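In: Task: produce atomic coordinates for the following.
(chains A and B)
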Amino acid sequence: MSAAARPSPASERDPLARRRASWLLAAIVLAWPLLALSQFKPWTMFGSSSLEVMGHFLAGFLPPSLESDFLALLARATLETLAMATAGIALSFVIAVPLALAMTHSLSISRIGPARWRVRSPLLHGAARLVLIVLRAIPELVWALVFVRALGLGPGAGVLALAITYGGMLGKVYGEILESSDTRGARALLESGSGRLAALFYGLLPGAAQELVSYTVYRWECAVRASVIMGFVGAGGLGQLMDQSMKMLNGGEACSILITFVLLVLLADFISAALRRLLA
Amino acid sequence: MSTHASLSAHERVEAARPCLACLLTLGVVAASVVASFVFLSIDFRALFSRASIASMARFVGEFFPPDLSLPFVSKTAWAALQTLAVSAVGSLLAGVFGAVLALPAAGRWGMAARVASRALLNFLRSVPELVWAALMVLAAGLGPFAGTLALALHTTGVLGRLFAEALENAPAAPQLALRDSGSPALASALYATLPLVAPQWLAYLLYRWEMNLRMATVLGFVGAGGLGQMLYFHLALFQQAQVATVLAAMLVLVIAVDTLSSRWRRRLAPAHA
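Out: From the prediction side, this is the model:
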């Protein structure tokens, strides 16, 4: 056996060792500026001053605050959070449905033959797609912060922010679901002269309804989570209460609110799972 | 289709009748939507009244034209890079810790470890990023590092659970084969199980990175640096032109990362793209 053919002992253990090592090296070189940019300094956490602040705050966590006026505030904030999520999803549904319909190719009449809108139709599809991208690209909290400036403090800003971002997300996913479901029924209806709405209701929805509703319920669950934190920018609900308690370094109240957060998220999980099971 | 054909006429009538539970649920959902609007005392008519539309239009109009002067644009670009770094490092840390916690959560080290690590992951996951950020600002001081930690903590909870599920679903035979032929536990996990789950883990990681980028733009509101902090600052000073530039930067960054990540994910694991 020639020397060239015989593998070296190192590559016998792992034939890809050298390639893996160089990838690892490249990754570390790439990670270095990222770490510098994000000011990655774990030791600052263990400085005496920050340990002291954190220690005081965490020591205050126990026992959680159970005063009756605080609990009343907490209950109201929890209801406000749930109401914000529900109202936001309802508005976003109103935004999403027309955009999704405008985006759906399988409901396009111009696709199957000459129509009045032949020229404008691709433009309309493109515009709807662009609007949806812009709506969902900016996070809901950013919208909330902006709307708090326009509408003042309170849940109104949160509802509008949810409506815009979730309108974009729902619209995109509705469009995708409608596109990927069985379109033959809708096509047959359109070709035999029915209108677009009739084709939607009798051709597309029977096959796609379950998935559409299930996704909407899932989004509601996400909206509950989002509206929990909406208050940090002044848009009402639990977040606003949490922000106040944290600023006053009131650990007991912060602990109660955190427990409510976790319970609320679990409750939303449960309701959403139950609704989706009902559909299945 | 064949099941429908075999139904009797009576059964078909029954099937066509709207189900009571569905109607009831629909009623409850409609009622809760109405109740929400009433509870929040948001008046639809006020939202669409001429006065409020005019004031909204004026508000939006103040954003134009955006501030495109060179110093401000370069400042925004720097903040955008910082946001990118925060999201990337946060997601990477979460990937590492998630992988470490996924091993016990998948039941590799016995039942007690499994229950304990699942409880920890659930806790990490159910506290929102912004709350973690507010806590980390207390612990690590103002700045992007607090945001990185916050993202890492929350995402560890999410990724740990997803990673564990992938581990549980991976076939055990390759690792058993290596173990039976005498490899140590670590080596057999690295060379048998890891290659099986790696594409899925990477796909999850990339997906969370997309979400974390959005979140990183927001974390600045509580003092964690990046684009969010700039937005908060300029909104507080009513400098709408600067705000418009920052919003545009967010839009570009989010769309760029979404496109990049979804392209990578499609190549990695078509089933999860």
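
In: Show me what whichever strand or helix holds A:S272 packs onto, helices and strands only.
Out: A:S272 belongs to helix A:251-279 when assigned by DSSP states H and E. For helix A:251-279, the contact count by 3 or more CB pairs under 8 Å, 6 or more residues apart in numbering or on different chains; DSSP states H and E identifies helix A:48-59, helix A:68-103, helix A:205-230, helix A:238-247, helix B:20-39, helix B:111-126 as packing neighbours. (Glycine included, C-beta is placed from N, CA and C.)

In: Try it again at 6 Å.
Out: The contact analysis (3 or more CB pairs under 6 Å, 6 or more residues apart in numbering or on different chains; DSSP states H and E) places helix A:251-279 against helix A:205-230, helix A:238-247.

In: count of neighbours near the closest residue to A:V262 other than its chain neighbours?
Out: Distances taken as CB to CB, 6 or more residues apart in numbering or on different chains place B:S126 nearest to A:V262, at 4.5 Å, with adjacent residues excluded. Using other CB atoms under 10 Å in any protein chain shown, B:S126 has 19 neighbouring residues.

In: now B:V252
Out: So B:V252, with other CB under 10 Å, has 13 neighbours.

In: Name the SS class of it, please.
Out: Recorded secondary structure, B:V252: helix (DSSP: H, G, I helix; E, B strand; the rest coil).

In: which residues sit against stretch B:242-250?
Out: Residues outside stretch B:242-250 that contact it (CB atoms under 6 Å, 6 or more residues apart in numbering or on different chains) are A:I138, B:F63, B:P66, B:D67, B:T76, B:A80, B:T217, B:L227, B:M230, B:L231, B:H234, B:L235.

In: Now do the contacts for A:I95.
Out: So A:I95 contacts A:G167 (CB under 6 Å, 6+ apart).

In: Please report the distance of it from A:A161.
Out: Using CB to CB, to the nearest Å, one gets 12 Å for the distance from A:I95 to A:A161.

In: Enumerate the residues of chain B near chain A.
Out: Contact residues (CB under 6 Å from any CB of the partner chain) of chain B with chain A: B:32-33, B:36-37, B:39-40, B:42, B:59, B:82, B:85-86, B:88-89, B:126, B:128, B:130, B:134, B:138-141, B:143-145, B:148, B:214, B:218, B:221, B:235, B:250-251, B:254-255.

In: ChimeraX command to pick out the buried ones of those?
Out: In ChimeraX, a selection of the buried entries from these looks like this (16 or more other CB atoms under 10 Å in any protein chain shown):
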select /B:33,36,37,39,40,42,82,85,86,88,89,126,128,130,134,138,139,140,141,143,144,145,148,214,218,221,235,250,254
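
In: chain center to the lengthiest helix in chain B, what's the gap?
Out: Longest among the helix segments of chain B by residue count, using DSSP state H, is helix B:70-105. Taking CA atoms, centre = their mean, to the nearest Å, one finds the center of helix B:70-105 at 13 Å from the center of the full chain.

In: Once you drop chain neighbours, what's closest to the residue nearest to the spatial centre of chain A?
Out: Central residue of chain A (CA atoms, centre = their mean): A:C222, 5.8 Å from the mean position. Spatial nearest neighbour of A:C222, chain neighbours left out: A:Y166 (7.8 Å); criterion: CB to CB, 6+ apart.

In: Need the per-residue pLDDT for that neighbour.
Out: Here, the pLDDT recorded for A:Y166 equals 92.

In: who in chain A is up against chain B?
Out: Counting by CB under 6 Å from any CB, chain A sits next to chain B at A:34, A:37-39, A:41, A:44-45, A:50, A:53-54, A:83, A:86-87, A:90, A:137-139, A:141, A:149-150, A:155-156, A:229, A:232-233, A:246, A:262, A:265.

In: how about the helix holding A:S272: buried residues?
Out: Here helix A:251-279 shows A:251-258, A:260-261, A:264-265, A:268, A:272, A:275-276 as buried, counting by 16+ other CB under 10 Å.

In: any idea of the angle it forms with helix A:68-103?
Out: 40 degrees (axes from the mean of the first three to the mean of the last three CA atoms, to 10 degrees).

In: one step back: from the buried residues of helix A:251-279, which single one is nearest chain B?
Out: A:V265 (5.1 Å; CB to the nearest CB).
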